[in-house]
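Engineer: no sequence for this one, just the structure:
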């Protein structure tokens, strides 16, 4: 092998091993990247102020789009859960009517349903409240929530998930001034109200509710503690299946309370609407203050508008009689 080729091979080996080809002198180094491809020195220190502001702006826009959708989804879920509660209450009511051979319960009685209260006490641990004064017309009677307890067996079904009193108990729901209205100590709030216009009521209550019937001493409709049969209901209300039986939005009372006459058009009792948002004040029935309604035929629907007087039973849809002379 000649001397030139040997030198070439030695230099190639030295370069491959990182040594100078001649064994002395400056060591060769790899080519440095071109300055145009170098990472700017400020990248090592983080983002610039403008980049941070742009990022915050983008996140704000995304949150503005996502939060309303999330709140709407939560409200929709609450509406569906509330409707499920109403369906179960409606099914329990139908089972009660079947077992009672079509006899509807009274809305008020001076005789407390001791046996039913004992069932609730055994199932929940709740105790009956102390006896009320004899002069108080709201003594605990077979209130609908007490009557339906054997068919439901769950106090949670009486509370709407959107009820502002959800999670409270007893006097925390009604307040100390209304302690005499509590039937069961530490009971949860009762979000659902019974449309008592469908039941035996007094002329004064029907007048206060704005009814166009049964306000002139009609014997067929009198008596807070009177019972009605399904046949009587059909005779009194020709459009009975389409009438409202229960609705969501009766706040300020507990399970077993007797002060349960919330006529939505007159404010006989406190009424709130929570779907999709809580009303600004009691007795407000404007757009956006809807509720869930359970009809006699078992149909459940959400209504943003206030149902008609005929659907409530305030008006029977029949020609009204001329006033008595």
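Structural biologist: Ah, there it is. Everything quoted here is computed from the prediction, not taken from an experiment.

Engineer: switch to C-alpha atoms for all contacts and neighbour counts from now on
Structural biologist: OK.

Engineer: gap between the two ends of stretch 147-161?
Structural biologist: 22 Å (C-alpha to C-alpha, to the nearest Å).

Engineer: Check stretch 296-306 too.
Structural biologist: End-to-end for stretch 296-306, by C-alpha to C-alpha: 17 Å.

Engineer: And for stretch 157-173?
Structural biologist: Terminal-residue distance, stretch 157-173 (C-alpha to C-alpha): 16 Å.

Engineer: what's the answer for stretch 186-196, then?
Structural biologist: Taking C-alpha to C-alpha as the criterion, the two ends of stretch 186-196 lie 25 Å apart.

Engineer: And the average pLDDT for it is what?
Structural biologist: Averaged over stretch 186-196, pLDDT sits at 89.

Engineer: And for stretch 296-311?
Structural biologist: pLDDT averaged over stretch 296-311 gives 87.

Engineer: any low-confidence regions in this structure?
Structural biologist: Along the chain, the parts satisfying pLDDT under 70 run over 1-46, 71, 108-111, 132-141, 251, 258-289, 318-325.

Engineer: ok, which stretches of it are helices?
Structural biologist: 3-16, 49-99, 114-124, 144-147, 149-152, 171-174, 203-209, 230-236, 309-312 (DSSP state H).

Engineer: Compile the ones you listed into TSV and extend it with columns for mean neighbour count and distance to residue 300.
Structural biologist: Shown next, in TSV, are these (neighbours: other C-alpha atoms under 10 Å; distance: least, C-alpha to C-alpha, whole Å):
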stretch	mean neighbour count	distance to residue 300
helix 3-16	12	84
helix 49-99	15	6
helix 114-124	15	27
helix 144-147	21	18
helix 149-152	17	18
helix 171-174	21	26
helix 203-209	17	23
helix 230-236	14	20
helix 309-312	19	13
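
Engineer: Please report how far the nearest residue to residue 95 once chain neighbours are set aside lies from residue 171.
Structural biologist: Distances taken as C-alpha to C-alpha, 6 or more residues apart in numbering put residue 151 closest to residue 95, at 7.5 Å, once the chain neighbours are dropped. To residue 171, residue 151 is 26 Å away according to C-alpha to C-alpha.

Engineer: still on that earlier bit, nearest to residue 188, out of the helices of the chain?
Structural biologist: helix 171-174 (7.7 Å; C-alpha to C-alpha).

Engineer: And the contacts of the closest one?
Structural biologist: Residues from elsewhere that reach helix 171-174, judged by C-alpha atoms under 8 Å, 6 or more residues apart in numbering: 165, 178, 179, 181, 182, 186, 188, 189, 252, 253, 254.

Engineer: Apply 10 Å and report the result again.
Structural biologist: Applying C-alpha atoms under 10 Å, 6 or more residues apart in numbering, the contact partners of helix 171-174 are 164-168, 177-182, 185-190, 251-254, 257.

Engineer: now do stretch 51-65
Structural biologist: Residues contacting stretch 51-65 (C-alpha under 10 Å, 6+ apart): 46, 47, 49, 50, 66, 69, 70.

Engineer: quick one: which of these is nearest residue 96?
Structural biologist: For those, the nearest to residue 96 is residue 70 (39.2 Å; C-alpha to C-alpha).

Engineer: which ones are touching the closest one?
Structural biologist: Per C-alpha under 10 Å, 6+ apart, neighbours of residue 70: 63, 76.

Engineer: pretty sure residue 250 contacts residue 292?
Structural biologist: No: with contacts defined as C-alpha atoms under 10 Å, residue 250 does not count as touching residue 292, sitting 11.4 Å away.

Engineer: the more surrounded of these two?
Structural biologist: residue 250 (27 against 22; other C-alpha atoms under 10 Å).

Engineer: Now do residue 91 against residue 97, distance only.
Structural biologist: Residue 91 sits 10 Å away from residue 97, taking C-alpha to C-alpha as the criterion.

Engineer: go on, residue 47?
Structural biologist: Distance, residue 47 to residue 97, using C-alpha to C-alpha: 71 Å.

Engineer: Check residue 173 too.
Structural biologist: 30 Å.

Engineer: got it, and residue 189?
Structural biologist: The value you get for residue 189 to residue 97, if C-alpha to C-alpha is used, is 25 Å.

Engineer: Please dump the helices of the chain into JSON lines; it should also carry distance to residue 296 for every row.
Structural biologist: Shown next, in JSON lines, are the helices of the chain (distance: least, C-alpha to C-alpha, whole Å):
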{"stretch": "helix 3-16", "distance to residue 296": "94"}
{"stretch": "helix 49-99", "distance to residue 296": "8"}
{"stretch": "helix 114-124", "distance to residue 296": "24"}
{"stretch": "helix 144-147", "distance to residue 296": "15"}
{"stretch": "helix 149-152", "distance to residue 296": "17"}
{"stretch": "helix 171-174", "distance to residue 296": "29"}
{"stretch": "helix 203-209", "distance to residue 296": "20"}
{"stretch": "helix 230-236", "distance to residue 296": "11"}
{"stretch": "helix 309-312", "distance to residue 296": "10"}
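
Engineer: Of the ones you listed, give the one that comes closest to residue 246.
Structural biologist: helix 49-99 (7.5 Å).
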